[in-house]
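Trainee: Got a sequence here, can you build the structure:
(2 chains)
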Amino acid sequence: NAGVTQTPKFQVLKTGQSMTLQCAQDMNHNSMYWYRQDPGMGLRLIYYSASEGTTDKGEVPNGYNVSRLNKREFSLRLESAAPSQTSVYFCASSGGQGEQPQHFGDGTRLSIL
Amino acid sequence: GENVEQHPSTLSVQEGDSAVIKCTYSDSASNYFPWYKQELGKGPQLIIDIRSNVGEKKDQRIAVTLNKTAKHFSLHITETQPEDSAVYFCAASSNNNDMRFGAGTRLTVKP
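Mentor: Residues are numbered from 1 along each chain as shown, chains lettered A, B, ... in the order given. Sure thing, here's the model as predicted:
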């Protein structure tokens, strides 16, 4: 049982480039989340999806877009990467609609030069 | 919005001793308080949680206490083992889009 799978695990971008972080869960969960983790800080919510077909902004949504492609997959896109977006990104899921995150992926470490 | 403060930022204990991590929150509407353990290179793992209608919850060697009046909650780990070494995060929320995390506590258990 893979749980929450994130790809890629590492990525280096140049300022202005775009990329999509992928997340998939195999637990038939309704809610999915994207967080970023910066040194000395707790996780901060970027976007979440309470159910398939819905997405909502979290605490720090600027510079990001998301797509809930289907129940399994929730992607995060950086249209024009900036050095301030250098961070570790975590995807999470939970079973109930609107439940708080319970299962996290192992993260994508993103560096923007 | 909610603000969560966590102390201490680092904690070192001898194997077998107890460890206590404390968090305070600001929003009286918060009603869900989870604790996560994060090992190096891994994502956070939910280890225990408590809701505001309960004052204490225990699961084997870990326990969480909640004082709603004082707006603080604590994680207690007894009989610590080297495998308990990790970064621990507290969080508080009233719904699924407002969860706020503490800055984390790096726990080191010395053999």
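Trainee: Quick check, the residue in chain A closest to chain B?
Mentor: Residue of chain A nearest chain B, by CB to the nearest CB: A:Gly42 (2.8 Å). C-beta here means a position set from N, CA and C on the backbone, and glycine is covered the same way.
Trainee: What distance do you get for the residue lying closest to that residue once chain neighbours are set aside to A:Met19?
Mentor: Nearest residue to A:Gly42, sequence neighbours excluded (CB to CB, 6 or more residues apart in numbering or on different chains): B:Phe101, at 2.8 Å. Taking CB to CB, to the nearest Å as the measure, B:Phe101 falls 25 Å from A:Met19.
Trainee: right, and the residue of chain A closest to chain B touches B:Val4 too?
Mentor: Yes: using CB atoms under 8 Å, A:Gly42 makes contact with B:Val4 at a distance of 7.1 Å.
Trainee: residues shared between the contacts of the two?
Mentor: Counting by CB atoms under 8 Å, 6 or more residues apart in numbering or on different chains, the contacts common to A:Gly42 and B:Val4 are B:Ala91, B:Arg100, B:Phe101, B:Gly102.
Trainee: Closest one of these to chain A?
Mentor: When the shared contacts of A:Gly42 and B:Val4 are ranked by distance to chain A (CB to the nearest CB), B:Phe101 comes first, at 2.8 Å.
Trainee: what does chain A have sitting close to chain B?
Mentor: Within chain A, the positions lying close to chain B (CB under 8 Å from any CB of the partner chain) are A:4, A:31, A:40-45, A:48, A:50, A:56, A:58-59, A:90, A:92, A:94, A:98-107.
Trainee: Return a selection command, for use in ChimeraX, containing the buried ones of those.
Mentor: Of the residues of chain A next to chain B, the buried ones go into a single ChimeraX selection, burial set by 16 or more other CB atoms under 10 Å in any protein chain shown:
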select /A:4,31,42,43,44,45,48,50,58,59,90,92,94,99,100,101,102,103,104,105,106,107
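Trainee: quick revisit: reformat the shared contacts of A:Gly42 and B:Val4 as JSON lines; add pLDDT.
Mentor: Output for these, formatted as JSON lines (pLDDT from 0 to 100):
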{"residue": "B:Ala91", "pLDDT": "95"}
{"residue": "B:Arg100", "pLDDT": "92"}
{"residue": "B:Phe101", "pLDDT": "94"}
{"residue": "B:Gly102", "pLDDT": "96"}
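Trainee: So which of those are in strands?
Mentor: Within these, residues falling in strands by DSSP state E are B:Ala91, B:Arg100, B:Phe101.
Trainee: Show me which of the residues you listed is closest to B:Cys23.
Mentor: B:Ala91 (8.3 Å; CB to CB).
Trainee: ok, the closest one touching B:Tyr36?
Mentor: Yes: B:Ala91 lies in contact with B:Tyr36 (CB under 8 Å); the separation is 7.1 Å.
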